[in-house]
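Asks: Turn this into a model:
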Amino acid sequence: MPSPRTRPAAALVLVSALAAVGLGPAAVPAAAATVPAGAGSYSDTRPAGTSGPTTNTGAPVTPKVTAAAQGKPVPTNDWWSSLAFQRYGDNPYSTPMYGHPLTYQAVSGGLEVGYPTSPAIVGDGRQYEFAHKRDLTLGLTGLNSPDTKADAWSDWTVTPYWSDGARTLRTTIGHGLPFVYAKGTGGDARITTAQAPTVFSDQGNVLGITVAGHHYALFSPSGTDWNVSGSTITAGLGGKDYFSVAVLPSTDALATYRKYAYSFVTGSTVNWSYDAGTVRATYGLTTEAREGTERGTLQALYRHQWLHTTDPLTPYTYVSPRGTMKVREAASFTTAQKAAATLPGLPGSGIDTARLRGYLNEVANSSDPFSGAVDTYWTGKALGKLAQLVPLADQIGEGAIRDKLLGLIKGRLQEWFTAGGATEFSYDKAWKTLTGYPASYGSDTELNDHHFHYGYYVYAAAIVAQYDPNWAADSAWGTMVKTLVRDTANPSRTDSAFPFLRGFDVYAGHSWASGHQGFAAGNNQESSSESTNLSAALVLWGAATGDASLRDLGTYLLTTEAEAVAQYWFDADQQVFPGSFQHDTVGMVWGSGGAYSTWWTANPEEIHGINVLPVTSGSSLQLGARKDAIRRNIAELERENGGPAVEWRDILWEFQSLADPGAAKAKWDAGNAGYTPEAGESKAHTYHWITALDALGAPDATVTGSIPTSAVFAKGTTRTYVAHNHGSTARTVTFSDGKSLSVPARSTATGNGTAGPGPDPEPEPGSGNTFQLRTGGTLTTATGAAAGGDTLASAQGGNHDGTPNKPLVYVVKNVNGTLRAGGSTAFRLQVDAGTSVGLGQQARISYDLTGDGTFDRTETYHYFATDPVTGWEEYAQSRGLKSATGTLGNLRGGTVRLEVWSAIGNGDARLQTGTDRSVVVIPYD
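Replies: Modelled structure (predicted):
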């Protein structure tokens, strides 16, 4: 790997991706050279000799927006940002934009629309992509616009605008939208197809066509008519100004889609909440009825969303680079997830104090603790390295080392947080962004990576705030920290100085790194772990400063992105990457797919490690939720590398310790002498991390605490509970398995937990609310078993839909729990029919609330039709309830039973056991 790390495009193994083209006052900065911010300041003028956003030729560029959008903060780093950021001077329209399931590209005549369904494997097998390919162009007759501008936007939708003086066109597009909604004046609606279409339905103003195997429906106002002439289709608008186009999952869906064709989406909003270990988010669309009164709509959910919703879904699905998308017939849906664990530091279990002291002194007494860093990225990494060591020094009573490290961090932050020196932050009034100078990796000219860079600063500031609250006060340095937060993760939609959540795409579930999105493959993100580092920093800063709103935002971002990373970077369920892509992980996710590569090297260690670093107790524990994915990741690394890691061995040891602490410890013991730590790491932190997890066990994500700064670890059958209390008074933290922990003020507590109300839930299998299946017929909250499988007996050609027939039965008894208001049962079961055709598996879940032998509630779900391809498929509650009897209530010594059987078909199937991929989740606390 080059040192320092560089990102030359020539080193990137990508083929077609590069072929084209609550946070304080929200006032706009005053018109002054230096803007005060508490004890700190930033400039409103860039330092001499530096650049702001430019085209690829170096020409300055301002946001490409309509008059209606002038002055509004533009959300750079989004899936559609090339509409507003003209990176390439010869393209005033856009580069391909990946909304999923549809893809788009603005051109002079309107909006290209595609629905890529067949992946291509390129770059010597290192990249898969569902590249944009035009099926049709939506526009107006005669439209020939000189450019396309962003006219309006919301959380995950955008409205591009075209005008040639005589004609104007606006379209609303977005993530998950099967429709394109168009408003035009000065011409008739015009659709030009990439090849002559096949018409499968002609109902006058509703036309069904097939282009390149993809089915579309065209909708014009009532009383008008679509006319087909070769590859050109037109319709007069009858004095109206609207029409829409939808991609259909099948031709027989036309009637359903017609119902919502005139209910135009006008905006999108996510609302999130955190409550006692659970993160909930509601994703809602606003609509207006252009004809009739229908205000509902259809939207397609990504895998990371439909895995965590109990809202009913239709049978309709779409193909996407993120796996199957499932369609909901409603204007909103809600997800619920166990919150990702966050701690300021791991407990010191098993640590040799003298050894750790020696490692700490190596860093604290270094002649240059910042390793020569001068720009925002490398300074950030150095700050992060030092911040990780502060709690460790405090833990072993080394107050002098702790305070020296804190002094180093404060000194460097204060240099950056004061305008006019060699380093400073500068506000760009046109782009509504704060850029640190010296900049790096296009953070200035392309507005790249602000969340990567500034996450380290906020994290380091959070550690300082933990030990010195006065330093973090708004009147001191807290206002500058909050200004960095507003630039990268602003929760406000009304702040006139910064956009809402600049880099985080709430619907995609993760952040984007490129400020301009100017690539044929769409936007991209390489280091997902540096993105989650910012989210964890928000949790810790919010907790340390008493800002629960910001803390909860960080928890939402971290929890959401953790699931997206598991699915889309690590393919944790092995349901996302195409079968023809022969890798178990990607270094980069693109709008069009993913790539086993990085920006600067093809070295496997960096490809695997870039989505792990920085390893912190704040952001990394969530990776341990998918231990099977970690094991596959490490195995592939060692195959591709020709053996264990060498250059980034510390990062990858720490990663392995989240699944197999003993194996990682053995590697540390054998190889800790004579290696050079990764630039953001230290031997002190690596030693502490690996040793602590070897003693505690790996993170147990099945159990959550009642505050975000808590975690659980499991070694064999022993759980260790950890929580940090940033508050000024002692508190009791409760855990979802019934245990509790008393935590003194401003301290971390560790223990085996005390029992909550009722019988001690540990080690009885009826604790918690997530149960794995075990061969032999039990449900258990225990983890760490070997994966296995049970045989589902054939239906022998009969129809047993709704009636158990030779079922596999799994039971857990003596369960205690309080029914969660509004909660419902969830499950995911891995099933495999092998090569048998026409099989379907069905599940029934029953509750005996008091253990008296009578089941008070029984839920039977629609069966799941498996495909005739060997490999696990996921059957989940999203298939929907077929029937239900009785009502749920509190469990007091109750019994939960799962029955699974073959509903149809003539062949045996398999049901996976012993893993966290086959679980039942009951709606109880």
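Asks: in this structure, what secondary structure element scores lowest on mean pLDDT?
Replies: strand 754-755 (a mean of 76; mean pLDDT, DSSP states H and E).
Asks: name the helices or strands packed onto it?
Replies: strand 739-743 (3 or more C-beta pairs under 8 Å, 6 or more residues apart in numbering; DSSP states H and E). C-beta: built from backbone N, CA, C; applies to glycine.
Asks: which outside residues touch the next helix or strand after the least confident helix or strand of the chain?
Replies: Later in the chain than strand 754-755, the nearest helix or strand by DSSP states H and E is strand 770-774. Strand 770-774 is contacted by residues 338, 702, 765, 779-783, 785, 790, 810, 812, 829, 896, 898, 911-916, 918-922 when judged by C-beta atoms under 8 Å, 6 or more residues apart in numbering.
Asks: Output the below-cut-off pLDDT ranges for the chain.
Replies: 1-32, 756-768 (pLDDT under 70).
Asks: what are the ranges of the strands in the stretch 201-350 of the chain?
Replies: 206-211, 214-219, 227-229, 232-235, 242-248, 263-275, 278-289, 298-301, 317-318, 325-329, 332-338 (DSSP state E, counting those that start in this stretch).
Asks: deepest of these, which one?
Replies: strand 298-301 (a mean of 27; mean count of other C-beta atoms under 10 Å).
Asks: Partner strands of that strand and their direction?
Replies: Sheet pairing here is set by DSSP bridges, and for strand 298-301 it gives strand 325-329 (antiparallel).
Asks: Report the inter-axis angle for the strand it pairs with versus strand 278-289.
Replies: 60 degrees (axes from the mean of the first three to the mean of the last three C-alpha atoms, to 10 degrees).
Asks: Out of the strands of the stretch 201-350 of the chain, the one nearest D552 is which?
Replies: With respect to D552, and counting by C-beta to C-beta, the nearest of those is strand 263-275 at 4.1 Å.
Asks: Which other helices and strands does that closest one contact?
Replies: strand 157-163, strand 168-174, strand 179-185, strand 278-289, helix 548-568.
Asks: can you count the residues close to the residue lying closest to A166 once chain neighbours are set aside?
Replies: Spatial nearest neighbour of A166, chain neighbours left out: G186 (5.0 Å); criterion: C-beta to C-beta, 6 or more residues apart in numbering. G186 is flanked by 16 other residues according to other C-beta atoms under 10 Å.
Asks: Ok, L360 next?
Replies: By other C-beta under 10 Å, neighbour count at L360 equals 26.
Asks: and it, which of the three is it?
Replies: helix (DSSP: H, G, I helix; E, B strand; the rest coil).
Asks: contacting residues for it?
Replies: Here L360 is in contact with 389, 392-393, 398, 401, 684 (C-beta under 8 Å, 6+ apart).
Asks: if you set the cut-off to 6 Å instead, what comes out?
Replies: 389, 393, 401, 684 (C-beta atoms under 6 Å, 6 or more residues apart in numbering).
Asks: What helix or strand is the last one located in?
Replies: Spelled out, it's A684. helix 683-696.
Asks: Equivalent analysis for the second one, please.
Replies: For A393, the host element (DSSP H and E) is helix 376-395.
Asks: So which residue is smack in the middle of the chain?
Replies: Nearest to the mean C-alpha position of the chain, by C-alpha atoms, centre = their mean, lies E561 at 2.6 Å.
Asks: Where do the helices of the protein begin and end?
Replies: Applying DSSP state H to the chain gives helices spanning 254-259, 303-306, 353-364, 376-395, 399-416, 450-467, 479-489, 528-545, 548-568, 604-609, 627-641, 649-657, 661-671, 683-696.
Asks: For R46, find the nearest of those helices.
Replies: Nearest of the helices of the chain (C-beta to C-beta): helix 376-395, 13.8 Å.
Asks: Kindly export that closest one (C-alpha atoms) in PDB.
Replies: Only the C-alpha atoms of helix 376-395 are listed here, as PDB (Å, rounded to 0.1, in the frame of the first residue of the first chain):
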ATOM      1  CA  THR A 376      -8.000  17.000   7.400                       C
ATOM      2  CA  TYR A 377      -8.000  13.300   6.700                       C
ATOM      3  CA  TRP A 378      -4.600  12.300   8.200                       C
ATOM      4  CA  THR A 379      -5.000  14.700  11.100                       C
ATOM      5  CA  GLY A 380      -8.300  13.100  11.800                       C
ATOM      6  CA  LYS A 381      -6.800   9.600  11.800                       C
ATOM      7  CA  ALA A 382      -4.200  10.700  14.200                       C
ATOM      8  CA  LEU A 383      -6.800  12.300  16.500                       C
ATOM      9  CA  GLY A 384      -8.800   9.100  16.400                       C
ATOM     10  CA  LYS A 385      -5.700   7.000  17.300                       C
ATOM     11  CA  LEU A 386      -5.000   9.200  20.400                       C
ATOM     12  CA  ALA A 387      -8.700   9.300  21.400                       C
ATOM     13  CA  GLN A 388      -8.900   5.500  21.500                       C
ATOM     14  CA  LEU A 389      -6.200   5.500  24.100                       C
ATOM     15  CA  VAL A 390      -7.600   8.000  26.600                       C
ATOM     16  CA  PRO A 391     -10.200   5.600  28.200                       C
ATOM     17  CA  LEU A 392      -7.500   2.800  28.300                       C
ATOM     18  CA  ALA A 393      -5.100   5.000  30.200                       C
ATOM     19  CA  ASP A 394      -7.800   6.100  32.600                       C
ATOM     20  CA  GLN A 395      -8.900   2.500  33.100                       C
END
